[in-house]
Each structure stands twice: as C-alpha cells, then as structure tokens.
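*Asks:* Following is a predicted model, sequence given first.
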Amino acid sequence: MSIEAIAAQAASPEMVGAKSFDIAPAMPQQVGPEATAQFENAMAAQQAQRVGGASDVPPAVKDLLGTLDKVNTEAKSVSDYARTAETSGGELTPGEIVNLTMRCQEFMFHCQLTSNIANRSSDGVQQLFRQQS
C-alpha cells in the first residue's frame with residue numbers, strides 16, 4: 001500500500017474524528033452480571049474441552065508441566081512459610097531467618113536446575129532440527 005493510499009484512507013469521511021487506534025467499537029467500561037456469566041460459561045466449556053482432550057497431550061509435555069507445577073508448589077510453600085513466620089510474632093527470630101533463607105536458596109537451586117534442563121533440552125531439539133534439514 002502506497003503512502004498516498006494510506007493518506008487517502010486516513011482522510012476519508014468515516015475516519016474523520018476517529019483516532020487511529022480507535023477502529024474497533026468501544027468496550028464497555030463496566031461489566032454486568034450477564035457478561036460475567038457468559039465469561040464463566042466460556043471458561044467452564046474450555047476447561048471441559050481441555051479435560052476431555054487431556055489424553056492427546058504427549059508424556060514429555062505432561063512431565064514438563066509437572067516439573068513446573070512442582071516449582072510453583074515450592075514457591076507457594078516458601079511464601080506460606082514466610083507469611084506464617086512473620087505473623088507469628090511480628091518479627092522473625094534468627095532461627096526463622098536461617099530456615100527461610102535455606103528454603104529460598106533451595107527454591108532458587110530448583111529453579112536454576114529446571115531452567116538449565118529446559119535450556120539444554122531446547123538446544124538438543126534445535127540441533128536435531130538442524131541435522132534433519
């Protein structure tokens with residue numbers, strides 16, 4: 001599309017007064033209960049479809065997602081421990097600080113290990129594709 005065509009389109013009567021990013025109809029600012037119900041129904045239908053099609057997921061992907069779920073669970077565990085330690089007396093004792101530090105470092109080790117495995121797996125897949133092409 002030439003620059004003249006773009007300028008002519010911008011000067012067309014339907015574009016006068018419209019912002020360049022305001023081409024789509026405006027979204028409502030407040031969402032009513034019917035929109036919320038529609039969204040929840042759509043989410044439930046998508047979840048049911050995903051659960052029904054879960055057998056199509058390869059085992060490698062299941063293992064990958066399982067590993068990420070373990071890291072997520074460990075992060076929640078560290079967060080929960082920090083909250084309970086903080087709310088127990090308002091100030092952490094030296095033992096709680098050491099324990100929290102140990103849990104944080106263990107969590108970071110698992111994150112780094114997972115990241116390293118993911119990077120090496122990605123490199124291996126890339127090398128495989130390069131060899132096959």
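*Replies:* Nice, I can see it.

*Asks:* The longest helix along the chain: how far from the chain's middle?
*Replies:* When the chain is parsed with DSSP state H, its longest helix is helix 94-132. Distance of helix 94-132 from its chain centroid, counting by Cα atoms, centre = their mean, to the nearest Å, is 18 Å.

*Asks:* That one - contacts with which helices or strands?
*Replies:* helix 59-89 (3 or more Cβ pairs under 8 Å, 6 or more residues apart in numbering; DSSP states H and E). No exception for glycine: its C-beta is placed from N, CA and C like everyone else's.

*Asks:* got the angle for the helix it packs on vs helix 94-132?
*Replies:* Here the directions of helix 59-89 and helix 94-132 differ by 160 degrees (axes from the mean of the first three to the mean of the last three Cα atoms, to 10 degrees).

*Asks:* tell me which strands and helices helix 59-89 is in contact with?
*Replies:* By 3+ Cβ pairs under 8 Å, 6+ apart, helix 59-89 packs against helix 94-132.

*Asks:* I'd like the average pLDDT over the helix it packs on.
*Replies:* Computed over helix 94-132, the mean pLDDT rounds to 90.

*Asks:* What are the buried residues along it?
*Replies:* 96, 100, 103, 107 (16 or more other Cβ atoms under 10 Å).

*Asks:* wait, which of these is closest to L68?
*Replies:* Closest approach between the buried residues of helix 94-132 and L68, by Cβ to Cβ: F107, at 13.5 Å.

*Asks:* residues contacting the closest one?
*Replies:* The contact partners of F107, by Cβ atoms under 8 Å, 6 or more residues apart in numbering, come to 71, 74-75, 78.

*Asks:* Mind doing that once more with 7 Å?
*Replies:* Shown in contact with F107 (Cβ atoms under 7 Å, 6 or more residues apart in numbering): 74-75, 78.
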